[in-house]
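In: quick one: sequence and predicted model below, then my questions.
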Amino acid sequence: MDIKKNPIFRRALYCFARIASAINEIVPKDENLILFYDSNNTEVVDNTEAIYNYIKQNDRTGKKLVLCASKNNLLEAVKGALIFLRAKYMFYSFGDFRIAPSSKQVVVFQQHGSPFKT
């Protein structure tokens, strides 16, 4: 059975996301930390990859760019969640991210075919 379909795992994930969302409001955000996240692939691709490459080539301010692709990799998903709690900015194109952003964060969802980017 796929662990993502296991009802116990899904309930634990839901509880983790709720707790992490509450914690996210009080954790200070790092202005120089940008997370590029993808939960449906084994690497960051498409729009997220393009923005990552653009910032990497053109940023002269010393921003910390972190790539996190977590398909079928629980450790990578936990890493992404922990970095998200500290990051001021996050870009993602695929999958879902269940931790609610705080009022101090900028999260950009940019999937192909989406009529607007949030």
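Out: Perfect, thanks for sending it. Residues are numbered from 1 along each chain as shown.
In: contacts only, for the most centrally placed residue in the chain.
Out: The residue lying closest to the centre of the chain (CA atoms, centre = their mean) is Tyr37, at 4.1 Å. Residues counted as contacts of Tyr37 (CB atoms under 8 Å, 6 or more residues apart in numbering) are Val44, Thr48, Cys68, Ala69, Ser70, Gly80, Phe84, Met90, Phe91, Tyr92, Gly95, Phe97. Any C-beta I mention is one placed from the backbone N, CA and C, and that applies to glycine too.
In: stretch 31-50: end-to-end distance?
Out: Separation of the first and last residues of stretch 31-50 by CA to CA, to the nearest Å is 21 Å.
In: Asn58: neighbouring residues, count only.
Out: 7 (other CB atoms under 10 Å).
In: for Ser103, same thing?
Out: Other residues within reach of Ser103, judged by other CB under 10 Å, total 6.
In: which stretches of this protein form helices?
Out: According to DSSP state H, the chain carries its helices in the segments 7-24, 46-58, 74-86.
In: can you redo these as TSV with distance to Lys104?
Out: Conversion of the helices of the chain to TSV gives the following (distance: least, CB to CB, whole Å):
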stretch	distance to Lys104
helix 7-24	9
helix 46-58	20
helix 74-86	11
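In: Phe91 against Tyr52, yeah?
Out: Yes. Counting by CB atoms under 8 Å, Tyr52 is a contact partner of Phe91 at 7.4 Å.
In: look at these two and report which has more neighbours.
Out: Neighbour totals were compared for Phe91 and Tyr52, and Phe91 leads with 24 against 17 (other CB under 10 Å).
In: which stretches of this protein have low pLDDT?
Out: Along the chain, segments meeting pLDDT under 70 span 1-4, 40-43, 95-96, 112-118.
In: can you point me to the longest strand in it?
Out: If you go by DSSP state E, the chain has its longest strand at strand 30-38.
In: buried set for that strand?
Out: For strand 30-38, burial by neighbour count (16 or more other CB atoms under 10 Å) applies to Leu33, Ile34, Leu35, Phe36, Tyr37, Asp38.
In: bridging residues for the fourth one?
Out: Translated: Phe36. Leu67, Phe91 (DSSP bridges).
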